[in-house]
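J.: Coordinates for the following, if possible.
(2 chains)
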Amino acid sequence: MPVQVKGEVLSVKPVGEYISMTVVAPGIAEQTRPGQFVALAIGGDDSGMLLRRAFSIYAVRETGVYGGTVEFIFSVTGKGTAWLARQRPYDPIDVVGPLGRPFSLPKDPANCVLVGGGYGSAPLFMLADALRARGCRTHIVLGAATADRLFGALDAKRMAASVAFTTEDGSYGERGRVSDVLPEVVERVRADVIYACGPMPMLEAVQQVAGNAYGGAGIPTQLAVEESMACGVGVCMTCVLPIVGPDGETRMLRSCVDGPVFAGDRIRWDSLGSVPADAVGASA
Amino acid sequence: MTVTLRPQRIDVEQVDVDMTTSLGGLVVPDPVFTASGCAAAGQELAPFNDLAAIGGVVTKSIQLRARAGRATPRMAETASGMLNSIGLQGPGVDSFVDNDLSWLADNSVRAAVSIAGTSVDDYGKLASKLRGKPVSLVEVNISCPNVDDRGQVFACDPHAAAAVIQVVRRNVASGVPVFAKLSPDVTDIVAVAKACVGAGADGLSLINTTLGLVIDTDTMRPVLAGTTGGLSGPAIKPIAVRCVWQVHEALPEVPLFGIGGIRTGLDALEFVLAGASAVQVGTMVFHDPGAPTRISRELRAALGARGIDRLADVIGLGHRPPVISVPEDADPPGDEPAEPVERRPTPEFEEDM
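T.: Below is the predicted model:
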């Protein structure tokens, strides 16, 4: 069950183009599973910025000198993240977490390919740990626009059985996008499942590769989506996307509580940002 | 009753304030509710609040049939507020009764059920579907700005509003209060309020969001897929307090829910002083999921610090005539009464001064 904690900043440090922040937030670390996220209140008690900012959890430490800590990665993209970047050790910060449905893990050892775009790769390293603990072989593919925006290359090299990197400007690894190298990786490592986190266009490209794998037989995917959220806890209904349920019906589901991880073949890619005409309640 | 001018510092844990309030026959031990559309049907807020201890949960407006709502983006952050355009996404009343309402009952949470329809007939059917169910109060949402008519049909026309309230009142079990939720986007909110009360509303919920629009200067288009949206949050609080004030002044006997940007216990107190018998916390739940519990605690402390031992004593107190003299008990208790000060003679002045 998620908790709301009056936490405290432990460290803020630049990582390439991004910022890594670690907060002391007892009660969150011990519950966190890979793919879950935290939602932070921004701007202090009298803030004019009311909406929580959600970040995938990169790492947790259950016990330490300061109690449980949570680490996440962000990029300064607006006023809220600019405020966050200005916080310093000992500054108070209100954290809610862990939130969302985590990645689901294979019951038996499997060959897993983990794909990350930009700092979307952050949750993949906890995932890789959990998969390895189950005897899975993990292969990591990371991509970004430039080398500075590639997150976790060292982690990947340390943890994975094989790695591949792409940058759009060719400054690191192969020039291109993750979806350019992914088909070859899937065949080479005889992948059973693909896990991915990153921008929606990247996730859609990953899903296409997965669907075409093994001559069209396809392999399952577990994709952590990025939809903008206001609350992160399931009450605001802003982060919805069209998802096909087990009954074949499409519903507008909340990415914060029904996701952020969805099986890729359940997402109505052609209808993102809209309500498909055949969705439950679309005609009402 | 005496009201001290300067709040005293006191131990919050020892504050003994009677927070009981009455809402058209429904008596609740606490005046803080969640606002419709900001708490789903309650369950998601249970990790952060003891929902049975607060006044209750006003559920997201329920309709006859499931509704998918609007396309995304549905939300934009604004200065001290947010614009939303959800479009009343929800499961429909049958699923709501089976799943959500029963969860609330099983957990002893008072359910104030918000209903929304597109015709008078819809509202009547919804009300009758709630008969015999564990419903503490019915709130009639006649003012959602995010449906095709932008809330114009019922919220802005006193006759149309009255027609809806009449059919709901007739179909809701007697003893279950019916509240009408009004829009601030009207020329004369008192006229709509009077029409609703005349049609049988036991109380009024003030206010719903106010219609707004945000344009993205990069794409140079409206941010929301639905173009316009409802503005909420602390940015609209003074509008909401004004509406409560005006309606309480015109209809002092009618219980009111104060809603709009309540962030702290003092914000809640402002609404109570304006005439609200209870309050609903909405957008601030997104910022602080534990806000309902915190605001209830802060309101209790704020009353205690002012020497008030019953919430009911201060409902509408802001309307009393201005205080001319300093109350006798402004001095700290236990002190000797101050020596009477002899009035000094007024100096006389020459004529040409």
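J.: Look up which residues are beta-bridged to the closest residue to A:Ala59 other than its chain neighbours.
T.: Leaving aside its sequence neighbours, A:Ala59 sits nearest to A:Glu71 (C-beta to C-beta, 6 or more residues apart in numbering or on different chains; 4.4 Å). (Glycine included, C-beta is placed from N, CA and C.) Following DSSP bridges, A:Glu71 is listed with bridge partners A:Thr22, A:Ala59.
J.: check contacts around A:Glu71.
T.: A:Ser20, A:Met21, A:Thr22, A:Val23, A:Ile57, A:Tyr58, A:Ala59, A:Val60, A:Arg61 (C-beta atoms under 8 Å, 6 or more residues apart in numbering or on different chains).
J.: from those residues, which single one is nearest A:Val275?
T.: Relative to A:Val275, the closest of the contacts of A:Glu71 is A:Ile57; by C-beta to C-beta it sits at 30.4 Å.
J.: that older thread, how about a markdown table for the contacts of A:Glu71, with pLDDT and neighbour count added?
T.: What follows is the contacts of A:Glu71, written out as a markdown table (pLDDT from 0 to 100; neighbours: other C-beta atoms under 10 Å in any protein chain shown):
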| residue | pLDDT | neighbour count |
| --- | --- | --- |
| A:Ser20 | 97 | 19 |
| A:Met21 | 98 | 21 |
| A:Thr22 | 97 | 21 |
| A:Val23 | 96 | 27 |
| A:Ile57 | 97 | 26 |
| A:Tyr58 | 97 | 24 |
| A:Ala59 | 96 | 19 |
| A:Val60 | 95 | 23 |
| A:Arg61 | 92 | 16 |
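J.: Format the residues you listed as a markdown table; extra columns: distance to B:Leu251.
T.: Formatted as a markdown table, the contacts of A:Glu71 follow (distance: C-beta to C-beta, whole Å):
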| residue | distance to B:Leu251 |
| --- | --- |
| A:Ser20 | 57 |
| A:Met21 | 51 |
| A:Thr22 | 55 |
| A:Val23 | 49 |
| A:Ile57 | 51 |
| A:Tyr58 | 55 |
| A:Ala59 | 58 |
| A:Val60 | 54 |
| A:Arg61 | 58 |
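J.: Show me which residues of the stretch 1-150 of chain A are close to chain B?
T.: A:1-4, A:41, A:47-52, A:80, A:94, A:96 (C-beta under 8 Å from any C-beta of the partner chain).
J.: Show the buried residues in these.
T.: By neighbour count, with 16 or more other C-beta atoms under 10 Å in any protein chain shown, the residues of the stretch 1-150 of chain A next to chain B hold A:Pro2, A:Val3, A:Gln4, A:Ala41, A:Ser47, A:Met49, A:Leu50, A:Leu51, A:Arg52, A:Gly80, A:Asp94, A:Val96 as buried.
J.: List the ones among these that fall in helices.
T.: Mapping those onto helices (DSSP state H) picks out A:Gly80.
J.: got a markdown table for the buried ones among the residues of the stretch 1-150 of chain A next to chain B, with pLDDT and distance to A:Glu30 too?
T.: Formatted as a markdown table, these follow (pLDDT from 0 to 100; distance: C-beta to C-beta, whole Å):
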| residue | pLDDT | distance to A:Glu30 |
| --- | --- | --- |
| A:Pro2 | 95 | 12 |
| A:Val3 | 96 | 10 |
| A:Gln4 | 97 | 16 |
| A:Ala41 | 96 | 22 |
| A:Ser47 | 93 | 29 |
| A:Met49 | 96 | 29 |
| A:Leu50 | 95 | 29 |
| A:Leu51 | 95 | 27 |
| A:Arg52 | 95 | 22 |
| A:Gly80 | 95 | 27 |
| A:Asp94 | 97 | 19 |
| A:Val96 | 97 | 15 |
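J.: Distance to B:Ser128 for the buried ones among the residues of the stretch 1-150 of chain A next to chain B - can I get that in CSV?
T.: Shown next, in CSV, are these (distance: C-beta to C-beta, whole Å):
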residue, distance to B:Ser128
A:Pro2, 37
A:Val3, 41
A:Gln4, 39
A:Ala41, 42
A:Ser47, 44
A:Met49, 43
A:Leu50, 38
A:Leu51, 38
A:Arg52, 39
A:Gly80, 46
A:Asp94, 43
A:Val96, 39
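J.: and the nearest residue to B:Ser136 once chain neighbours are set aside, how many neighbours?
T.: With sequence-adjacent residues excluded and distances taken as C-beta to C-beta, 6+ apart, B:Ser136 is closest to B:Arg110, at 4.2 Å. By the criterion of other C-beta atoms under 10 Å in any protein chain shown, B:Arg110 has 23 neighbours.
J.: Just want the phi and psi numbers for B:Arg110.
T.: phi -70, psi 130 (degrees, to the nearest 10).
J.: buried ones in the one helix or strand B:Leu204 maps to?
T.: Per DSSP states H and E, B:Leu204 falls inside strand B:203-206. Residues B:Gly203, B:Leu204, B:Ser205, B:Leu206 are the ones in strand B:203-206 that count as buried (16+ other C-beta under 10 Å).
J.: what does stretch A:59-78 give?
T.: Of the residues in stretch A:59-78, those buried (16+ other C-beta under 10 Å) are A:Ala59, A:Val60, A:Arg61, A:Gly67, A:Gly68, A:Thr69, A:Val70, A:Glu71, A:Phe72, A:Ile73, A:Phe74.
J.: The nearest residue to the fourth one once chain neighbours are set aside and B:Asp288: what is the separation?
T.: Across the structure, with C-beta to C-beta, 6+ apart as the measure, the residue nearest A:Gly67 apart from its sequence neighbours is A:Pro26 (4.3 Å). Distance check for A:Pro26 against B:Asp288: by C-beta to C-beta, to the nearest Å, it reads 18 Å.
J.: Compare those two (neighbour count), which wins?
T.: It is B:Asp288, of A:Pro26 and B:Asp288, that has more neighbours when counted by other C-beta under 10 Å, with 22 against 18.
J.: doesn't A:Asp94 make contact with the more buried one?
T.: Yes. Using C-beta atoms under 8 Å, B:Asp288 is in contact with A:Asp94, at 7.1 Å.
J.: so what sits against both of the two?
T.: By C-beta under 8 Å, 6+ apart, the residues touching both B:Asp288 and A:Asp94 are A:Gln4, A:Ala41.
J.: B:Gln280 belongs to a strand?
T.: Yes. B:Gln280: assigned to a strand according to DSSP: H, G, I helix; E, B strand; the rest coil.
J.: ok, now which ones touch it?
T.: B:Val32, B:Phe33, B:Thr34, B:Ala35, B:Ser36, B:Val58, B:Ser205, B:Phe257, B:Gly258, B:Ile259, B:Ile262.
J.: hmm, try it at 6 Å
T.: B:Phe33, B:Ala35, B:Val58, B:Phe257, B:Ile259 (C-beta atoms under 6 Å, 6 or more residues apart in numbering or on different chains).
J.: CSV for these, including secondary structure and neighbour count?
T.: Output for the contacts of B:Gln280, formatted as CSV (DSSP: H, G, I helix; E, B strand; the rest coil; neighbours: other C-beta atoms under 10 Å in any protein chain shown):
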residue, secondary structure, neighbour count
B:Phe33, strand, 29
B:Ala35, coil, 28
B:Val58, strand, 32
B:Phe257, strand, 27
B:Ile259, strand, 32
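J.: where along the stretch 51-200 of chain A do the helices fall?
T.: Under the criterion DSSP state H, counting those that start in this stretch, helices of the stretch 51-200 of chain A are mapped to A:79-86, A:124-133, A:153-159, A:178-189, A:200-216.
J.: Return the most buried member of those.
T.: helix A:124-133 (a mean of 21; mean count of other C-beta atoms under 10 Å in any protein chain shown).
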